[in-house]
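In: After the sequence you'll find the predicted model.
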Amino acid sequence: MTSKITAKPATIETTLNEAGRLAALQEMRRDPRVWVLGEDVARGGLWGQYKGFLEEFGPERVVSTPISESTIMGAGLGAALVGTRPIIEMRIFDFVMCAMDELVNQIAKIRYMFGGQARPAVVVRMPHGMWRNSAAQHSQMLESWFVHLPGVIVVAPSSVEDEAGLLVSAIRSDDPVLFFDPKDLWPATGTMTAGEIAPIPFGRARTLREGRDLTIVTWSAIVPKVIEAGVTLAQSGVDAEILDLRTLWPWDEAAVLASVRKTKRLLVVHEAVEVGGFGAEIVARVIDQLGPANILVAKRLGAPRLPIPFSPALENQIRVTTDKIVAAAKAAVMG
């Protein structure tokens, strides 16, 4: 009797930025209703994430806009309401502040207010987070604002595969999706399945490392540092389980609870300011669901409540580093 050998799917090595480009390219080829609008998208986008799109799809589907974020957001919403599926490119997350009325009072609420008859099937891409020498108005991480907002899905990938698969899911979603591209990881490389990019479901965390001593929950650009910390901790005898949430709303509460039931300790690590961050919600939910008697430690680690400076030396003081994660994890287990 011969055993059947199952061939592994072919993979490609690429950057996170290119993975997002391939996902958007695939969906625009698949569905003629999908188009992109934003500043400089016809030139390929600020980060090159739409390189070659104008040549393939033309100016009716790759629309460079004036420098008016409220116009960009409002135009995307209007186009979605008549049946198209816009990718709204905000260029940098911080610029969405100029379009908050359109996003918060219209896109997030219009499906509810019209009893489901109006479907704002938009993807708002917002490259976010610290990125070398970008200073206080180009480096913010305010994902917790939008997790608090009913009516939207919030996506925060960290890997090449997740950038591609989650963007496919976002473009196909009938609900508005806020897609936080981690710009500090744009050049990061990784592997993804070759050929057609399959959608990755929202609300499913990815276990990056199994462990018994401590659960570390994280997402977005800080994930590689948490992985590095996990290796260092293992060398010190601390066995950490690491979960990448991938989406912040919906978030995989079941996976987090299952892990903390096992380890009895929780550390949530995020790049954003710790005060009022989404880590506080995770800690609160875990304590509510498991009860304080069943948890030995529940902690958060985030950035201090300070504007992000331009100076590299000062910027590094604010960053959540691998050393800070290791120290916080050791304190949670041994402290």
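Out: Received the coordinates, thanks.
In: can you tell me the helix or strand for H138?
Out: For H138, there is no enclosing helix or strand under DSSP states H and E.
In: okay, now it: neighbour count?
Out: H138 sits with 19 neighbouring residues when counted by other Cβ atoms under 10 Å. From N, CA and C alone the C-beta is placed, and that goes for glycine too.
In: my guess is it meets I92, correct?
Out: Yes - between H138 and I92 there is a contact under Cβ atoms under 8 Å: 5.6 Å.
In: how close does the nearest residue to G276 once chain neighbours are set aside sit to H128?
Out: Residue nearest to G276 in three dimensions, not counting chain neighbours: S144, with 6.2 Å by Cβ to Cβ, 6 or more residues apart in numbering. In this view, S144 and H128 are 12 Å apart by Cβ to Cβ, to the nearest Å.
In: Neighbour count: the two, which is higher?
Out: H128 (29 against 21).
In: who touches the helix or strand bottoming out on mean pLDDT in the chain?
Out: Here the helix or strand of the chain ranked lowest by mean pLDDT, DSSP states H and E is helix 312-318, holding a mean of 88. Identification of contacts with helix 312-318 by Cβ atoms under 8 Å, 6 or more residues apart in numbering yields M130, R132, N133, A303, P304, L306, I308, P309.
In: where exactly do the strands run in the stretch 201-335 of the chain?
Out: 206-209, 214-218, 240-244, 247-249, 265-273, 297-303 (DSSP state E, counting those that start in this stretch).
In: what does stretch 274-284 contact?
Out: Contacts for stretch 274-284 (Cβ under 8 Å, 6+ apart): 143-144, 147, 217, 248, 251, 256, 266, 268-270, 272, 298-305.
In: ends of stretch 142-157, how far apart?
Out: 15 Å (Cα to Cα, to the nearest Å).
In: Distance from that stretch to the middle of the chain?
Out: Centre-to-centre, stretch 142-157 and its host chain are 9 Å apart (Cα atoms, centre = their mean, to the nearest Å).
In: List the buried residues in that stretch.
Out: Neighbour-count burial for stretch 142-157 flags 142-147, 149, 151-157 (criterion: 16 or more other Cβ atoms under 10 Å).
In: and the two most separated of these?
Out: Pairwise distances across the buried residues of stretch 142-157 (Cβ to Cβ) peak at 21.0 Å, for the pair G151 and P157.
In: of all the buried residues of stretch 142-157, which comes closest to F180?
Out: F180 has its nearest neighbour among the buried residues of stretch 142-157 in A156, at 4.6 Å by Cβ to Cβ.
In: hang on, isn't that closest one packed against D244?
Out: No - counting by Cβ under 8 Å, D244 is not a contact partner of A156; they are 9.1 Å apart.
In: So in this protein, which helix runs the longest?
Out: With DSSP state H setting the assignment, residue counts place helix 16-30 as the longest helix in the chain.
In: So what's the model's average confidence on that helix?
Out: Averaged across helix 16-30, pLDDT comes to 98.
In: For that helix, buried residues please.
Out: 16-28.
In: cool, and stretch 245-257?
Out: Buried, per 16+ other Cβ under 10 Å, within stretch 245-257: L245, R246, T247, L248, W249, W251, D252, A255, V256, L257.
In: Next: stretch 115-133.
Out: 119-131.
In: Redo the residues you listed as a markdown table? Include secondary structure.
Out: Converted to a markdown table, the buried residues of stretch 115-133 look like this (DSSP: H, G, I helix; E, B strand; the rest coil):
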| residue | secondary structure |
| --- | --- |
| R119 | coil |
| P120 | coil |
| A121 | coil |
| V122 | coil |
| V123 | strand |
| V124 | strand |
| R125 | strand |
| M126 | coil |
| P127 | coil |
| H128 | strand |
| G129 | coil |
| M130 | coil |
| W131 | coil |
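In: farthest-separated two in those?
Out: R119 and M130 (34.6 Å).
In: Buried residues in the least confident helix or strand of the chain, which are they?
Out: For helix 312-318, by 16+ other Cβ under 10 Å, it's E315, I318.
In: Quick one: distance of that helix to the chain centre.
Out: 23 Å.
In: cool, and stretch 190-208?
Out: The answer for stretch 190-208 is 13 Å, by Cα atoms, centre = their mean.
In: buried residues in that stretch?
Out: Under the neighbour-count criterion of 16+ other Cβ under 10 Å, stretch 190-208 has G190, M192, I197, P199, I200, F202, G203, A205, R206, L208 buried.
In: next one: stretch 291-306
Out: For stretch 291-306, burial by neighbour count (16+ other Cβ under 10 Å) applies to I295, V297, A298, K299, R300, L301, G302, A303.
In: try stretch 57-73
Out: F57, R61, V62, V63, S64, T65, E69, I72, M73.
In: Of the residues you listed, which pair is most distant in space?
Out: F57 and E69 (22.8 Å).
In: Which residue ranges of the stretch 1-150 of the chain form helices?
Out: Along the stretch 1-150 of the chain, the stretches classed as helices by DSSP state H, counting those that start in this stretch are 16-30, 53-57, 69-81, 100, 110-113, 143-147.
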